[in-house]
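[1] Got a predicted model here, sequence first, then my questions.
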Amino acid sequence: MTTTRREFMGTIGAATALVGAPSIVRAQGQGTFRIGALCPVTGAGSPFGSGMQKMIVAAADAVNGAGGAAGRKLEVVSEDTQSSPQAAVLAAKKLIDVNKVQAVLGTWSSGVSLAVIPLTNEANIILMNTSGAPALSVPPANAKGLSYRFQATNERFGRAFAEICAKEGFKRPATMAFNNASGIGNTEGFRKAWEAKGNKVVASVVYEPNQPTYRSELQKVLAANPDVIVTGSYLADSTIILREWYQSGQPVKWVMPGWAASPDLVKATGPDVVEGIISVDSISNEEAPSYKAYDEAYRRATGQPGQSNVYAAMTWDMVHVLSLAIEAAKATDTAAINAKIREVSNPPGQQVYTFAEARDALKNSKINFEGASSVLDFDEHGDVTPNFGVFFIEGGKLNRRYVVRL
Amino acid sequence: MFYAQLIVNGLVQGLVIGLAALSITLVFGIARFPNAATGDTMTLGAYAALSTHTVTGSIVLGGAGALVAAALVSLLAYFAVFRRLAERPVVALLVASIGVAFVLRAALAVIFGHSQQVFQVPLSRPFVFGSVRVAPLDLQIAAVALASLAVVFALLYLTPIGRQMRAVADNRDLARVSGIRPGRVMVALWLLAGAVAGIAGMMLGIKTIVSPEFGWEMLLPSFTAAILGGIGSPAGAVLAGLVLGVAKEISTPVVGFTYKIALAFIIMLGVLLIRPRGLFGRVEGAR
């Protein structure tokens, strides 16, 4: 028998991989379901990523402690996206091809989720993400309907902005958007919702990243004499724009997404510049018992309050929804699970908050899982509608004044 | 007066681009390769200025820090990399300079982290001339840029080493047989090019934010200005920077803010087609 070099190398490679792999790969028993935790542990998402990953593990422990999903233990294999699409694709490939995960949970930022989704679709497994880009809702990205989004879409952020502008009595809003799917998603969502109320947007600008100055962009917007500027922006560009605006001396209010108008922004510009800015971010389902369970787990794992990481509440919920769908399906193939996800999390049904409670209720009736991050009712695109916290920056602090429900 | 304001906006960013282009064109004129590490030398200057400013609280000392650090690192890159490759083809030097850029950027990211940093300078209301508003900060930045340009041109045109640099730029072999030692000229060149990039980096950092990638992202516009100005022409580089800055801003009412960046390249394309040697470049004969 002859062995070609290629076959030989292949064998060596496979053997090495097998020896090097953790024992769980070799011992893929009948009674397990393997989850890939693909979170932004390093890079721009690093303030959230490690907490997100820990909550996937903690939720899996909770499910396993209650006997597993349909009697199967969950196993978590963790990888880091480095907050970069390239690194995320490599990590996702490894999770799918080497670890043979049966679902990928926890991708953060639209660029990463949009890069990973073709791989999960190809492997025919479920992807649960925390990204905002509208493109993730529809084909081609979500052509198979296997993607679920636990964060509000940018379009919903825009609708929340419109509610806030109406409530605050603004009459002449202008918009400024960073030129990408997320930035424009925010301001377009705002424009549609605002015009549906019979109002007009007085000026709008889409700007490019990495410019030495945004003065001309500001000039155009400010020339229309707006009383508020609504943005789809990020931290770096917001810093430059706000500093230049402050120097222009023209009074105007700002409504910004929470990932831009954050404590880091206050640190960068100083409290005077950002005084009175309205920062909007999705908030967790804080009154629900499921949030209490999450909060306890988060404090135990990180020593921080659960409120400090909205994305960790989302990953906590991901494991719960997935496990309940497996429980309801009594099977682990993707099609069976996917068919049950809306059934266990949307109304009608008995409202349930923990895995053990939900599993027992499932024996007698339909259930409606209410998550820690939101009430988790998935629409036909797999999108949820969380509540939005409205924070005013006052004296350098973000103070939450009220909550907007869409 | 809408346009007057746009021109002012354009001039300020043009000065930053112009200084970076000056650094590129100096290296190209004398060492004869496009130095892709210029952007990251700017970043280094910005971080040096930021650190000095944070420690001392003085923006002048910050500028000195930027100047010294960027000049020294630039010289170091010459001794460690570019001198060894001096006789290699341009492509080898270009690729090596990209490598130097990576090393610089990675080192800065490790030392200072990836999150953005900001110069804590007081923000003040603008001076109003008629209907044109000019921020005091921009006036200071413009003053620093003009002073740096004056020093560079004085150095090039009024000192012996400047004369030698220009001689090498004109004709390296002729300079050598005239008794000019290329070693000294190269040291002077790299110190000067580094210092100019460092100052440009500090100016950009004060205007915007400082992150490990921010200088690299300025490289393309700076190269465009260097080419537009005529490669190797210091005055041309600065003027081209200003032209690009102003053209970008003036165009925005027509093409919008998304496409103003493309305009820089359209201008460059036009120049390359109609006047391949740039605004101030000389036609180089085959030697």
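    Yep, that arrived. Residues are numbered from 1 along each chain as shown, chains lettered A, B, ... in the order given.
[2] ok, now which ones touch residue A:382?
    A:137, A:142, A:145, A:147, A:148, A:149 (Cβ atoms under 8 Å, 6 or more residues apart in numbering or on different chains). Quick note: C-beta positions are derived from backbone N, CA and C, even for glycine.
[3] Just to check, the first one is in contact with residue A:153?
    Yep, that's residue A:137 we're talking about. Yes: using Cβ atoms under 8 Å, residue A:137 is in contact with residue A:153, at 6.5 Å.
[4] low pLDDT regions in chain B?
    Filtered on pLDDT under 70, chain B yields the residue ranges B:282-287.
[5] what does it have sitting close to chain A?
    Contact residues (Cβ under 8 Å from any Cβ of the partner chain) of chain B with chain A: B:2, B:5-6, B:9-10, B:12-13, B:16-17, B:114-116, B:118, B:120, B:123-126, B:133, B:135, B:137, B:204, B:207-209, B:211, B:214, B:217-218, B:249, B:252-253, B:256-258, B:260-261.
[6] let's see it at 7 Å
    When proximity is defined as Cβ under 7 Å from any Cβ of the partner chain, chain B approaches chain A at B:5-6, B:9, B:12-13, B:16, B:116, B:118, B:123-126, B:133, B:135, B:137, B:204, B:207-209, B:211, B:217, B:249, B:252, B:257-258, B:261.
[7] distance of the closest residue to residue B:232 other than its chain neighbours from residue B:192?
    Leaving out its chain neighbours, the residue that sits closest to residue B:232 by Cβ to Cβ, 6 or more residues apart in numbering or on different chains is residue B:29, at 3.3 Å. Look at residue B:29 and residue B:192: by Cβ to Cβ, to the nearest Å, they are 11 Å apart.
[8] Also residue A:188?
    For residue A:188, the distance to residue B:192 - Cβ to Cβ - is 49 Å.
[9] Give me the more crowded residue out of those two.
    Per other Cβ atoms under 10 Å in any protein chain shown, whichever of residue A:188 and residue B:192 has more neighbours is residue B:192, with 25 against 19.
[10] what comes up buried for the strand or helix carrying residue B:183?
    Per DSSP states H and E: residue B:183 is located in helix B:182-207. For helix B:182-207, the neighbour count (16 or more other Cβ atoms under 10 Å in any protein chain shown) marks B:182, B:185-207 as buried.
[11] helices and strands around it, which ones?
    Contact partners of helix B:182-207 among helices and strands, from 3 or more Cβ pairs under 7 Å, 6 or more residues apart in numbering or on different chains; DSSP states H and E: helix B:2-30, helix B:38-56, helix B:59-77, helix B:136-158, helix B:160-170.
[12] Next, the buried residues of the fourth one.
    Under the neighbour-count criterion of 16+ other Cβ under 10 Å, helix B:136-158 has B:137, B:138, B:141, B:142, B:144, B:145, B:148, B:149, B:152, B:156 buried.
[13] These into CSV, with extra columns for distance to residue A:112?
    Below are these laid out as CSV (distance: Cβ to Cβ, whole Å):
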residue, distance to residue A:112
B:137, 37
B:138, 37
B:141, 37
B:142, 41
B:144, 40
B:145, 39
B:148, 41
B:149, 44
B:152, 44
B:156, 49
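[14] between those, which is closest to chain A?
    residue B:137 (7.0 Å; Cβ to the nearest Cβ).
[15] re the thing from before, where do the contact lists of residue A:137 and residue A:153 overlap?
    Common contact partners of residue A:137 and residue A:153 (Cβ atoms under 7 Å, 6 or more residues apart in numbering or on different chains): residue A:383.
[16] Show me which of these two is the more surrounded one.
    residue A:153 (26 against 17).
[17] Residue A:383 is in contact with the more buried one, correct?
    Yes: counting by Cβ atoms under 7 Å, residue A:153 does reach residue A:383; the two are 5.5 Å apart.
[18] So for the two, which residues contact both of them?
    residue A:137.
[19] Tell me which helix or strand residue A:33 sits in.
    If you go by DSSP H and E, residue A:33 is part of strand A:32-39.
[20] I'd like to know which elements that strand is packed against.
    Going by 3+ Cβ pairs under 7 Å, 6+ apart, strand A:32-39 lies up against helix A:46-65, strand A:73-80, helix A:85-93, strand A:103-107.
[21] Just list the residues touching the spatially most central residue of chain A, thanks.
    When Cα atoms, centre = their mean is applied to chain A, the residue found nearest the centroid is residue A:130 (1.5 Å). Counting by Cβ under 7 Å, 6+ apart, residue A:130 touches A:106, A:107, A:108, A:150, A:151, A:311, A:314.
[22] For it, which non-adjacent residue is spatially closest?
    Distance criterion Cβ to Cβ, 6+ apart; nearest residue to residue A:130, sequence neighbours excluded, is residue A:151 at 4.4 Å.
[23] Retrieve the pLDDT associated with residue A:222.
    Note on residue A:222: pLDDT of 93.
[24] Can you get me a residue count around it?
    A total of 17 residues lie near residue A:222 under the criterion other Cβ under 10 Å.
[25] I'd like the distance from whichever helix or strand it is part of to the chain centre, please.
    Element membership for residue A:222, per DSSP H and E: helix A:215-223. The chain centre lies 32 Å from the centre of helix A:215-223; the measure is Cα atoms, centre = their mean, to the nearest Å.
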